[in-house]
Structures are given as C-alpha cells and as structure tokens.
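Visitor: One predicted model, sequence on top.
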Amino acid sequence: MTTTYRIAVLPGDGIGAEVTPEAVRVLQTVGKAAGLGFEFESALIGGAAIDATGGPLPPATLALCKRADAILFGAVGGPKWDHLPQEQRAERGLLALRKDLDLYANLRPARCFPMLVDASPLKRSVVEGTDIMVIRELTGGLYFGEPRGVSREADGSARGVNTMVYTSREIERVARVGFDVARKRRRKLASVDKANVLVVSTLWREIVTQLGKEYPDVALEHVLVDNCAMALVHKPTQFDTIVTENTFGDILSDEAAILAGSMGMLPSASLNHAGAGGKTVGIYEPVHGTAPDIAGKGIANPIAAILSAAMLLRYSLDRPTDADRIERAVFQVLEQGHRTGDIAARGEKAIGTKAMGDLIVQAVEIQY
Ligand code: NAD
C-alpha cells in the first residue's frame, strides 16, 4: 500500500509564489519515483490572505496546517501591507502559525557549496568545506520572557525591560533536537551560551550536559556566544551542529548564513520535534523574504525552496534517502554550471526560476 502524505502548501507573497511551485514539482517527482503519495493542498497566508479575507492567517489555513503531515511555506510581506498596524501585518500570519503549532526549534543549515565559494564574503581558505546546522530555540528566551515593557518614572525618565527566561523543560526539548540532529550529521554538538555572565545560561549548560549522557556518541562542547561569533568567521569548519538560545540563535544563524553566499540558497525548518517514532510537525521555508525588487520577473532562485522540501522529507517524513537525492540533484545542477542571477558570477549566463526548477527535476529523476 502506498503511504500518502498530506502537505499544506502556503506560497504567500512575492517570490514565495514563484519558488514554492518548483519545490512542489520536486516533491511530486520524488513521489512518483519513490512510490510515495503526496496530497498537496494550497491555502492563503500573509498579504494574499489579507487581500482575500482581511486577516493574515485565515482559520481555514490554520485548520489545513493542523491536518497536514508537513507545511511547505514560501514567504510573506511586502510594501503593499507595510502601512498596516503591527498586529495585522502580513508577517503576523507566519508568527501566529509558529505559535499555534508550538514550533520551538528553528533549523538553519549553512553550507558553502564548493562551486560557489567565490560568492562568499570570506576567503576560500577559511570558508571552503563549511557545513553547519544552527538550531535556534524559537518560542522562549529573551524575545518572550516576562516581565517586559517600558515604564515611565515620576521624574520623567523611562525604563525598558526584557527578560531572558527558560524552564528546564524548554531547554531540554531544544537540546534534544540538537543531539538528534547532530546524530544525523557528523556527531558534534556545540551548545552556545553566555554562562560566564548569565545565570539562565548556567542552567542551560547544566541541563545540556546532563542530557549529553544519553548521547555518548555525540561529542558535546560548550561555547560562549561571543567566541562562537568570532569562530564562525575565523574557522567556520570547526562547527557541525550548534544549539542555542533564541536571541543568540537569531544573530548567529544570520552570521552563518552569509558564509554561504546568497539568500536564494538557504532553506530552514521550524519544528515541534517528536523524537524517534513520533510525528514531527514542521514548517519548511526558504530563509529569504518576498524580494519585492525581483518579484514577478521569474528570476528568483528556487534552490532555497527546493532544499526546504528536502528538509521536509528528512525531518517530518523520515525519508533521509530521498532528501539526500534532492540535495545531490541540486549539487549536480550547480556543478554543471547552471546559475540564477543571484549566484551567477560576472559575465556568467543566468537562467530563470522555472528553468532552474526543470533542471533540478530532471536531476532528481535520474537519481532513482
Ligand atoms: P528578502 O530576502 O526578500 O530580499 C533581500 C535581497 O535578496 C533582495 O535583493 C532580493 O532580491 C534577494 N533575494 C532574496 N531571495 C532571493 C532568491 N530566492 N533569488 C534571488 N534573489 C533573492 O528580504 P527583504 O528585502 O528584507 O524583505 C522583503 C519582504 O519580505 C519584507 O516585507 C519582509 O518583511 C519580508 N520577509 C519575509 C520573510 C518570511 O516570510 N519568512 C523573511 C524575511 C523577509
């Protein structure tokens, strides 16, 4: 009997609507070749949903996502909706969805493809061979801790407060993602904190160390966040998997991303991770936004979206071999010299979104 997976497809706005169909085509190709059934159902989110329904996350979209085995997401937002109040902005649709599904672990791979090394701002000798996975805690820490706010004092001055707070449960569940992901990679985990200053980091360190005893096959090290920021540009190849607090992860994952060259190459996943045998709920999406400067021109790079589909297979559907095949197909197409505008070197010919999608689909087909 064929297994059938339900995939919610939320292309969103701008180039989200152009790159997501290419990722769907790649999954359809995998489905046909590997004998998997996929049911794709699309829904509105972000600006497109505001225009059609008045809100960025319509109830029908949320219901679809809750029924789905995984969610393939494009990008949301754009100048058309920027004048709206914060709470009604297009980007709120994604934040509300992450909150509702309790997606507490954000996975951001940063890999420097050998044929694109020259697109990195770092020297070849530093960046070559970089292949890092940054796992950022996404629902707690400094961005959500209470108390928070700005108060006015009697003398007219003001006081602003944010709080970095973590429970042991929150630390343990994201650290477990760190160990499980490291196990699927090169079995090296760097837990990043600021334990020389912050007490919450001391707790973080204690819990991660304790959990490490369940993973004797994973080499665990503790790294201070300032050292990690330096090492990422000095010797990025020393890292394999990194797990860290929300704010630290926000900053470090962007720093790691720039090593890879273009935004158009970077996938991501936001997970509620079930561990062995359970169902891992996840949103899979490119790191980039809606790129209003190139939207509608058919020139966006679909590789970030396509690599997000590979992550969907790896983390929600537990199909690592199919994920490997997609990644290999992308690698081969790049190796053959095909480039979209964002990754083309000066004087190199650039192809469009669909043409790149076609080439990757063909390269996936020959993997089977
Ligand atoms: P952006 O990622 O959309 O674009 C930054 C630059 O990178 C632009 O020059 C763009 O042309 C280029 N770029 C990005 N993706 C590309 C691709 N696949 N191929 C080729 N070039 C690519 O970031 P921005 O301009 O800061 O934001 C634009 C809009 O997107 C804003 O409304 C922002 O709020 C939204 N946004 C949404 C998400 C999301 O939905 N997750 C993430 C980031 C930004």
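Guide: Yep, it's here.

Visitor: Please tell me how far the nearest residue in space to Ala75 that is not next to it in sequence sits from Leu72.
Guide: Leaving out its chain neighbours, the residue that sits closest to Ala75 by CB to CB, 6 or more residues apart in numbering is Gly16, at 3.7 Å. (Each C-beta comes from the backbone N, C-alpha and C, glycine too.) Distance of Gly16 to Leu72, computed by CB to CB, to the nearest Å: 10 Å.

Visitor: for Leu317, same thing?
Guide: 12 Å.

Visitor: Need the three-state assignment for the residue in the chain positioned nearest to the ligand.
Guide: When scored by CB to the nearest ligand atom, the chain has Gly289 as its residue closest to the ligand, at 2.3 Å. Classification of Gly289 using DSSP: H, G, I helix; E, B strand; the rest coil returns coil.

Visitor: same thing with the one 4 residues further on?
Guide: Here Asp293 is recorded as coil under three-state DSSP.

Visitor: tell me the contacts of it?
Guide: Not one residue lies near Asp293 by CB atoms under 8 Å, 6 or more residues apart in numbering.

Visitor: Just the local confidence number for it, please.
Guide: According to the prediction, Asp293 has pLDDT 97.

Visitor: got it, and Glu87?
Guide: For Glu87, pLDDT reads 82.

Visitor: re the thing from before, compare Gly16 and Leu72 (neighbour count), which wins?
Guide: Using other CB atoms under 10 Å, the more surrounded residue of Gly16 and Leu72 is Gly16, with 29 against 24.

Visitor: does Glu41 really touch Ala63, like I thought?
Guide: No. Between Glu41 and Ala63 there is no contact under CB atoms under 8 Å: 10.7 Å.

Visitor: Tyr5 pairs with what?
Guide: Phe38 (DSSP bridges).

Visitor: Next: the one 4 residues further on.
Guide: Following DSSP bridges, Val9 is listed with bridge partners Ser42, Leu72.

Visitor: Number of residues surrounding it?
Guide: Neighbours of Val9 under the rule other CB under 10 Å: 19.

Visitor: Quick check, it in contact with Ala17.
Guide: No. Using CB under 8 Å, Val9 is not in contact with Ala17, being 10.6 Å away.

Visitor: Quick check: residues of the stretch 1-150 of the chain near the ligand?
Guide: Contact residues, the stretch 1-150 of the chain versus the ligand (CB under 6 Å from any ligand atom): Ile15, Val19, Ala75, Val76, Gly77, Gly78, Glu91, Leu94.
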